[in-house]
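[1] model the structure of this input:
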Amino acid sequence: MRAFLRTQLWPAIALLAILTLITGLVYPAAVTAVAQLAFPTQANGSFIVVDGKTVGSSLIGQYFDEPQYFWGRPSAAGATPSNPGGYDPTSSGGSNLGPTSRRLIEEVVQRVDALRKANGNAPIPADLVTASASGLDPDISPAAAAYQVPRVARARGMTVAAVQALVAKHTSGPMLGFLGAAHVNVLQLNLALDGLLQPGS
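    Below is the predicted model:
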């Protein structure tokens with residue numbers, strides 16, 4: 001029994017304690033320290049602060065349906081009759097409806113009709129009628145933003161060129177020039193339209 005304790009049990013306990021210390025304390029502390037030093041904004045949630053008040057995160061979408069704002073992707077995250085817009089960060093997820101789902105087809109048709117009513121009969125980019133897997137996508141494609149420019153300009157009494165320039169300013173290219181696709185952050189663009197987004201935010 002003593003030999004078992006000395007050669008098997010105590011080494012196992014010691015190894016467990018060492019690995020717990022390394023993986024449970026040292027490694028998380030090191031990652032947190034590096035993140036706070038190198039990427040403090042991202043490490044703390046990429047919050048957007050206006051006049052000392054947090055208005056959202058550049059990583060989590062919000063629901064907009066007023067004509068003077070750009071609209072994001074449809075969201076199935078927590079979408080209910082009382083919260084038709086979705087974008088509930090506590091219920092992140094997609095609709096789980098497949099491409100042959102009659103319900104999905106009906107929802108897309110409804111979205112197309114609503115967009116045409118608000119924006120006219122120009123071709124509608126796919127990301128404006130299909131929800132993302134997370135339901136919290138903060139970005140839309142440049143094509144989706146361009147599609148909405150005339151409506152936003154009309155609602156705000158701005159020229160189309162002025163709104164296009166603002167969209168261009170808030171369009172980000174692929175990461176490192178080739179990873180992902182170009183995108184426009186909806187919340188940041190709408191805050192810029194309201195004149196609330198500070199330079200560099």
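[2] how about the strands in this protein?
    Assigned by DSSP state E, the chain shows strands spanning 47-50, 53-57, 139-140, 171-172, 183-185.
[3] most tightly packed of the ones you listed?
    Of all the strands of the chain, strand 139-140 carries the top mean neighbour count, a mean of 25, counting by mean count of other C-beta atoms under 10 Å. Every residue, glycine included, has its C-beta placed from N, CA and C.
[4] residues contacting that one, please?
    Residues from elsewhere that reach strand 139-140 (C-beta atoms under 8 Å, 6 or more residues apart in numbering): 61, 70, 71, 72, 73, 125, 127, 128, 183, 184, 185, 186.
[5] what average pLDDT does the longest helix seen in the chain get?
    Ranked by number of residues, the top helix in the chain under DSSP state H is helix 102-119. Average pLDDT, helix 102-119: 94.
[6] how about residues contacting that helix?
    Applying C-beta under 8 Å, 6+ apart, the contact partners of helix 102-119 are 67, 74, 95, 97-98, 124, 128-130, 147-148, 150-151.
[7] what do you get if the cut-off is 6 Å, keeping everything else the same?
    With C-beta atoms under 6 Å, 6 or more residues apart in numbering as the test, helix 102-119 has contacts from 97, 124, 129, 151.
[8] contacting residues for residue 86?
    Residues in contact with residue 86 (C-beta under 6 Å, 6+ apart) are 75, 76, 77, 78, 79, 135.
[9] and the first one, how many residues sit next to it?
    Number of residues near residue 75 (other C-beta atoms under 10 Å) recorded here: 27.
[10] show the contacting residues for it.
    By C-beta under 6 Å, 6+ apart, the contact list for residue 75 reads 86, 87, 131, 135.
[11] number of residues surrounding the second one?
    What that stands for is residue 87. Counted with other C-beta under 10 Å, the neighbours of residue 87 add up to 24.
[12] show me what contacts it?
    Counting by C-beta under 6 Å, 6+ apart, residue 87 touches 61, 62, 63, 75, 77.
[13] coming back round to it: hmm, which two among the contacts of residue 75 are most spread apart?
    The largest distance within these, taken as C-beta to C-beta, falls between 87 and 131 and amounts to 10.2 Å.
[14] could you check how far residue 160 is from residue 146?
    Per C-beta to C-beta, to the nearest Å, residue 160 is found 10 Å from residue 146.
[15] okay, the two: which has more neighbours?
    residue 146 (18 against 12).
[16] got the domain ranges for the protein?
    The chain is divided into the following domains under automatic domain parsing: 2-40, 46-193.
[17] lowest mean pLDDT across those, which one is that?
    Confidence, taken as mean pLDDT, is least for domain 2-40 of these (a mean of 84).
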